[in-house]
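In: Quick one, structure for this:
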Amino acid sequence: MNNLLKDLALGLPQSQLVSRIVKLTERLFPDKRVSILSMDEETHCLHTVAAPNLPIVYTQAIDGLAIGEQVGSCGAAAFLKRSVIVDDVTQHRNWQPYIELADSADIRACWSVPVISTQQQCLGTFALYSNSAATPEAIEVEMLESLAAVYSVALEKYALEDKLTFQAQMDPLTHCLNRRELLERVEKSHCFDGNILGCFFVDIDKFKHVNDEYGHYFGDKVLKAVAKELKEILPTQAVLGRYGGDEFLAFCCFPSEEEAREFYETLSSELNKPVTLEETNISVSVGFATKECCSDLPMDKLIRKADAEMYKVKRRNRRTVPMTTYSQMLAS
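Out: This is a model prediction of the structure:
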């Protein structure tokens, strides 16, 4: 256990943690089979994380099981947020609907403890299965609860790391890359698939007027709608980020200059389908510049070229961006 905690503190990957904790548990309980389930916060259903020695038919059958006070051992443990020890599934009411399933998996006893967070939320369950009726000693229940607690600490650690990574890399409003992360990724990437790197500079026209006229709440809706539209239009390999207050930058590689230009025309066309929001037209101007992927042209110069092209487009008063009406956006 101490080695596991030490490795966790030193950055043990989550996939390795699950494998390690399962192996440790099955060494401590050599005649038992381990199951780790996660709980979906929205659906309150359990899903299999690891159960290497349980039949696939069984794990598939319980995957997506809704928790409840009388739902087996794990469903009840998650619902009640306390350990549920069933020493003989054939004699326990919680298992009556699952007797045939348990018999097919050679399950006769199941001890389950909930995985509880520091906020007292159930994150899942940690369970031991036996092929014969079995009543645990108090020390065995304590060991199982300790293992579940270690797993809970690990889950919260990974969740915090994910949150910090998201905050460091992503724009919280649009969920695009933030400016720093966008530029770092593009600068570091020397393995673009293609010969031509295209830079697309997207700017929302008269965005200050939008904020002044309708308020920042609506302005945020506009930003999120534009980001969503860009994510849907851009190829999956494209790198998209929020470059400034009302500016987005996207990078993508193409086999040729012609194909890059064709995509730019498609992007501009899709982003410029007219919609009027109240008495204000919301429009998006898109600038475009390219360089050969092997070129030594600095990235900042490529961006400036795309920015300059964007301002040329802006002066031509392009049409409006494809998004929902003002009332629909406020209602969404």
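In: Could you count how many residues lie near Val71?
Out: When neighbours are counted by other C-beta atoms under 10 Å, Val71 registers 21. Heads up, the C-betas are built off the backbone N, CA and C, glycines and all.
In: got a list of what it touches?
Out: For Val71, the contact set (C-beta atoms under 8 Å, 6 or more residues apart in numbering) comprises Leu65, Phe79, Asn94.
In: Show the contacting residues for the last one.
Out: When contacts are counted by C-beta under 8 Å, 6+ apart, Asn94 is found next to Gln70, Val71, Gly72, Ser73, Gly75, Ala76, Val84, Val86.
In: cutoff 6 Å now
Out: Residues in contact with Asn94 (C-beta atoms under 6 Å, 6 or more residues apart in numbering) are Gln70, Gly72, Ala76.
In: got it, and the second one?
Out: Taking C-beta under 6 Å, 6+ apart as the definition of contact, the neighbours of Phe79 are Ile67, Gly68, Glu69.
In: So among those residues, which ones count as buried?
Out: Taking 16 or more other C-beta atoms under 10 Å as the criterion, what is buried in the contacts of Phe79 is Ile67.
In: Reformat the contacts of Phe79 into TSV and put distance to Lys231 and pLDDT next to each item.
Out: TSV is the format used below for these (distance: C-beta to C-beta, whole Å; pLDDT from 0 to 100):
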residue	distance to Lys231	pLDDT
Ile67	34	97
Gly68	38	96
Glu69	42	96
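In: Among the contacts of Phe79, which one lies nearest to Glu42?
Out: Ile67 (12.6 Å; C-beta to C-beta).
In: That closest one and His44 touch, don't they?
Out: Yes. Using C-beta atoms under 6 Å, Ile67 makes contact with His44 at a distance of 5.3 Å.
In: follow-up on the earlier one: out of the contacts of Asn94, who has the most neighbours?
Out: Of all the contacts of Asn94, the highest neighbour tally under other C-beta under 10 Å goes to Gly72, namely 29 neighbours.
In: ok, the contacts of Val71 vs Lys312, which is closest?
Out: For those, the minimum distance to Lys312 (C-beta to C-beta) is 59.0 Å, reached by Leu65.
In: quick one: contacts for the closest residue to the closest one other than its chain neighbours?
Out: Spatial nearest neighbour of Leu65, chain neighbours left out: Leu46 (5.1 Å); criterion: C-beta to C-beta, 6 or more residues apart in numbering. Contacts here follow C-beta under 6 Å, 6+ apart; on that basis Leu46 touches Leu37, Met39, Leu65.
In: Kindly recompute the last result at 7 Å.
Out: Leu46 sits next to Leu37, Met39, Ile62, Leu65, Ile67, Cys74, Gly75, Ala78, Gly124, Thr125 when contact means C-beta atoms under 7 Å, 6 or more residues apart in numbering.
In: now do Ile116
Out: Contacts for Ile116 (C-beta under 7 Å, 6+ apart) come out as Lys81, Cys122, Ser152.
In: Distance check, the second one against Lys314.
Out: Distance, Cys122 to Lys314, by C-beta to C-beta, to the nearest Å: 52 Å.
In: Of the two, which one has the most company?
Out: Cys122 (21 against 17).
In: who's that one bridged to?
Out: Legend: beta-bridge partners of Cys122 under DSSP bridges are Ile116.
In: ok, it to Val86 distance?
Out: Separation of Cys122 from Val86 (C-beta to C-beta): 18 Å.
In: Over to Met310?
Out: Counting by C-beta to C-beta, the separation of Met310 from Val86 is 66 Å.
In: rewinding a little: in terms of distance to Ser15, which of the contacts of Ile116 ranks first?
Out: When the contacts of Ile116 are compared for distance to Ser15 (C-beta to C-beta), Ser152 wins out at 17.4 Å.
In: Which of the three states applies to the closest one?
Out: helix (DSSP: H, G, I helix; E, B strand; the rest coil).
In: The residue nearest to it when sequence neighbours are not counted: neighbour count?
Out: Leaving out its chain neighbours, the residue that sits closest to Ser152 by C-beta to C-beta, 6+ apart is Val115, at 4.8 Å. By the measure other C-beta under 10 Å, the count of residues near Val115 is 28.
In: hang on, isn't Val115 packed against Ala127?
Out: No. Contact criterion C-beta atoms under 7 Å: Val115 and Ala127 do not qualify, at 10.3 Å.
In: Tell me which helix or strand Leu101 sits in.
Out: Following DSSP states H and E, one finds Leu101 within helix 99-104.
In: all strands for the chain, in order.
Out: With strands called from DSSP state E, the chain shows them at 33-39, 45-50, 65-66, 84-86, 109-116, 122-130, 196-204, 239-242, 247-254, 276-277, 280-281, 284-292.
In: From the centroid of the protein, which residue is nearest?
Out: Most central in the chain under C-alpha atoms, centre = their mean is Asp162, positioned 9.2 Å from the mean C-alpha point.
In: Distance-wise, check the closest residue in space to Gln14 that isn't next to it in sequence relative to Ala149.
Out: Spatial nearest neighbour of Gln14, excluding adjacent residues (C-beta to C-beta, 6+ apart): Tyr158 at 5.1 Å. Distance of Tyr158 to Ala149, given as C-beta to C-beta: 15 Å.
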